[in-house]
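> I would like to see how this sequence folds:
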Amino acid sequence: MKAPRLPIAIQQAVMRCLREKLQQANSHLGTHYPEPKMVYQQRGTAAGTAWLESYEIRLNPVLLMENQQAFVDEVVPHELAHLLVWKHFGRVAPHGREWKWMMETVLGVPARRTHRFEVDSVRKNTFPYRCPCQQHQLTVRRHNRVLRGEAEYRCTHCGQLLKPDVTTPCN
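Next comes the predicted model:
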């Protein structure tokens, strides 16, 4: 699916949330961290990513359009928290105790590691994998890394290793 043009009202809602949460963090931490660059070019099933060195947040415009208010309320603070943790603590575990503290105590947002948005519209070629609790869809890139022995992936719910699901045909 081609990325939609984002209405200015949605971009304004994103920036309003970003600025409010940044001001809240600066006040709580006694700091003056700058506003990160906001880019609407995240692709795939990720809702957003925080790029530490370039101090920018990349948001998925398709998922933003499909989940407007929930996206603004959850994804924007989630990615901002990654940047703030990096500025405040340096390089630490991506969703570790510092990030959880930043989300819950400083930003006042529940600390969820992954979004719960429907991703059919942004899912391209995926490969079915299984763990004991559910089926997963791995991207072509991750599937190829598994095939080459460069990576293995675990379920975020049960923690078990994902195995190719040979009972389901590929898309």
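> Can you name the element that comes right after the lowest-mean-pLDDT helix or strand in the chain?
Between all helices and strands in the chain, the lowest mean by mean pLDDT, DSSP states H and E belongs to strand 135-139, at a mean of 84. For strand 135-139, the succeeding helix or strand toward the C-terminus, using DSSP states H and E, is helix 140-147.
> if you average pLDDT over that following helix, what comes out?
Mean pLDDT, helix 140-147: 87.
> Check which helices and strands it is in contact with.
If contacts are counted by 3 or more CB pairs under 8 Å, 6 or more residues apart in numbering; DSSP states H and E, helix 140-147 sits against strand 126-130. Where you see a C-beta, it was placed from the backbone N, CA and C, and this is true even at glycine.
> Could you rerun that using 10 Å?
strand 126-130, strand 135-139, strand 163-164 (3 or more CB pairs under 10 Å, 6 or more residues apart in numbering; DSSP states H and E).
> Redo these as CSV? Include mean neighbour count.
Formatted as CSV, those follow (neighbours: other CB atoms under 10 Å):
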stretch, mean neighbour count
strand 126-130, 19
strand 135-139, 17
strand 163-164, 14
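> Out of the ones you listed, which is closest to His32?
Checking these against His32 by CB to CB gives strand 135-139 as the closest, at 38.4 Å.
> residue contacts, the residue sitting nearest the centre point of the chain?
Central residue of the chain (CA atoms, centre = their mean): Gly48, 4.1 Å from the mean position. Gly48 is in contact with 38-40, 42, 57-60, 63-64, 71, 74-76, 78-80, 82, 115, counting by CB atoms under 10 Å, 6 or more residues apart in numbering.
> What about the residues you listed, which are in helices?
Applying DSSP state H to those, the entries found in helices are Leu63, Leu64, Phe71, Glu74, Val75, Val76, His78, Glu79, Leu80, His82.
> Report how many residues lie close to the second one.
Residue neighbour count, defined by other CB atoms under 10 Å, stands at 26 for Leu64.
> doesn't Arg5 make contact with it?
No. Using CB atoms under 10 Å, Leu64 is not in contact with Arg5; the gap is 11.6 Å.
> between the two, what contacts are shared?
Going by CB under 10 Å, 6+ apart, residues that sit against Leu64 and also against Arg5 are Tyr40.
> now Leu161: how far from Ala151?
Remark: distance between Leu161 and Ala151 (CB to CB, to the nearest Å) = 11 Å.
> do Gln12 as well
39 Å.
> Compare these two (neighbour count), which wins?
Ala151 (13 against 10).
> Need the nearest residue in space to the more buried one, chain neighbours excluded.
Ranked by CB to CB, 6 or more residues apart in numbering and with sequence neighbours excluded, the top spatial neighbour of Ala151 is Arg145, at 4.0 Å.
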